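J.: structure of the sequence below:
(one chain, ligands or ions: 2)
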Amino acid sequence: MSETRFLKIGRRLPPADLFSEAPDWQQAQPAWIEGALRHALSLPSGGWYVVDAARAIERRARRYRIAGEDYVVWRTDRGPVVAPDSCPHMGARLSDGVVREGRVVCPWHGLALGQEPHGTWRPLPVHDDGVLLWVQASGSEERTATPLLPVRPERYFAAVMRLEARCDPRDVVANRLDPWHGVHFHPHSFGRLRVLERDETTITVRVVYRIAPWLGMEVDALFDCPDPRTIVMTIIRGEGAGSVVETHATPIEPGRSAVIEATLATSERPQFHAFFRAFGGLLRPVVEKRARRLWVEDGAYAERRYELRQGS
Ligand code: FES
Ligand SMILES: [Fe+2]
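T.: Ligands and ions are numbered 1, 2, ... in the order given. All right, here's what the predicted structure looks like:
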């Protein structure tokens, strides 16, 4: 797609050299993607998993499956609770119960459970970072007091989407470590995408986001992985510099993952924050729908990658 076919809006970018002039299929080297992925997988996670958008957690019981375990999740005045979904009395699913006065009431015999332990049943450590809810699940991973959060802008407009895919978290991260597929696989969203820089673990691209078929916004964006289940895109130059898209992959069970993607948009323009304060409620579903559309496609990519890894 040639540059002249776009009307570009937003801040102009300085000229930059390309990492390579080779066609995308030659630049997209599986060995580089695997190397960057291996590095991500070697990073500590602190034992934390993203559950969902913080705003998705309501005062009603809901079931989430994370790393092979079922949890009941609900919100109280003192914050969200994540606990085993099995009643300590006779094992009923607590997520089928109702929430009364901040406690989940077991549907079988009415045991009301809250933030305090009951026998061996106890809520897990949680962290609400204002955008996402995290849980620290038991497992072999070394624990930290809080999740290792990516750098976020000071002020932002946030939108979060969640969907599930038949793959492992590493397939989700690997998808985003391949920027070369962008223009070919998502022509509706990317007008042009070129790699500017690449080291062993990060990659910087100059990308034209399509706003309309003939209208685009060009930015420079850096991809890196702060933990083994997260890949972050940060706009480093151009309109909205400092904005981030955090893609988190949470294992549901082997071969099944949740993709939870948070878009945190910011701008130096003074009108930006006032605009989003006024219209954020209307715009959030639009941003979430766009992110979901990309992830329906990228989910198919990640699922195919998973299939290939299984040797099918
Ligand atoms: S199984 Fe929950 S109260 Fe009996
Ligand atoms: Fe993609």
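
J.: just the strands in the stretch 1-150 of the chain please.
T.: Applying DSSP state E, counting those that start in this stretch to the stretch 1-150 of the chain gives strands spanning 7-9, 48-53, 62-66, 69-76, 79-84, 98-100, 103-105, 112-113, 126-128, 132-136.

J.: and the ones you listed: which comes nearest residue 19?
T.: Of all those, strand 7-9 sits nearest to residue 19, with 21.3 Å by C-beta to C-beta. Any C-beta I mention is one placed from the backbone N, CA and C, and that applies to glycine too.

J.: could you say what helices and strands that closest one packs with?
T.: strand 215-227 (3 or more C-beta pairs under 8 Å, 6 or more residues apart in numbering; DSSP states H and E).

J.: which of the strands of the stretch 1-150 of the chain has the lowest average pLDDT?
T.: Ranked by mean pLDDT, these bottom out at strand 7-9, which scores a mean of 75.

J.: given that one, what are its sheet partners and their directions?
T.: Next to strand 7-9 in the sheet, as set by DSSP bridges, lie strand 215-227 (parallel).

J.: near ligand 1, which residues of the chain show up?
T.: 87, 89, 90, 92, 106, 108, 109, 111 (C-beta under 6 Å from any ligand atom).

J.: which pLDDT does the model give residue 28?
T.: Predicted confidence (pLDDT) at residue 28: the value is 93.

J.: could you give the backbone dihedrals for it?
T.: phi -80, psi 90 (degrees, to the nearest 10).

J.: which one is it nearest to, not counting chain neighbours?
T.: In space, and not counting its chain neighbours, residue 28 is closest to residue 180: 3.7 Å by C-beta to C-beta, 6 or more residues apart in numbering.

J.: make sure that neighbour is actually in contact with residue 194.
T.: No: the criterion here is C-beta atoms under 8 Å, and residue 180 misses it with residue 194 at 9.4 Å.

J.: now do the domain split for the chain, please.
T.: The record's domain parsing of the chain by automatic domain parsing lists 3-44+148-310, 57-136.

J.: of all these, which lies closest to residue 142?
T.: That would be domain 3-44+148-310 among these, by C-beta to C-beta, at 5.9 Å.

J.: so what's the residue in the stretch 201-312 of the chain that ligand 1 sits nearest to bridging to?
T.: Nearest residue of the stretch 201-312 of the chain to ligand 1: residue 253, at 24.1 Å (C-beta to the nearest ligand atom). Using DSSP bridges, the bridge partners assigned to residue 253 are residue 256.

J.: can you count the residues close to residue 308?
T.: 10 (other C-beta atoms under 10 Å).

J.: could you pull up the residues touching it?
T.: For residue 308, the contact set (C-beta atoms under 8 Å, 6 or more residues apart in numbering) is empty.

J.: so it, which state does it fall into?
T.: Under DSSP: H, G, I helix; E, B strand; the rest coil, residue 308 falls in the helix class.

J.: report pLDDT for it.
T.: 97.

J.: do you know how far it is from residue 33?
T.: Counting by C-beta to C-beta, to the nearest Å, the gap from residue 308 to residue 33 is 13 Å.

J.: and residue 289, that's in a helix?
T.: Yes: per three-state DSSP, residue 289 lies within a helix segment.

J.: could you pull up phi and psi at residue 262?
T.: Dihedral angles (degrees, to the nearest 10) for residue 262: phi -110, psi 130.

J.: neighbours of it, how many?
T.: The number of residues packed near residue 262 is 25, by other C-beta under 10 Å.

J.: same deal with the one 3 residues further on?
T.: The burial metric for residue 265, expressed as a neighbour count using other C-beta under 10 Å, is 21.
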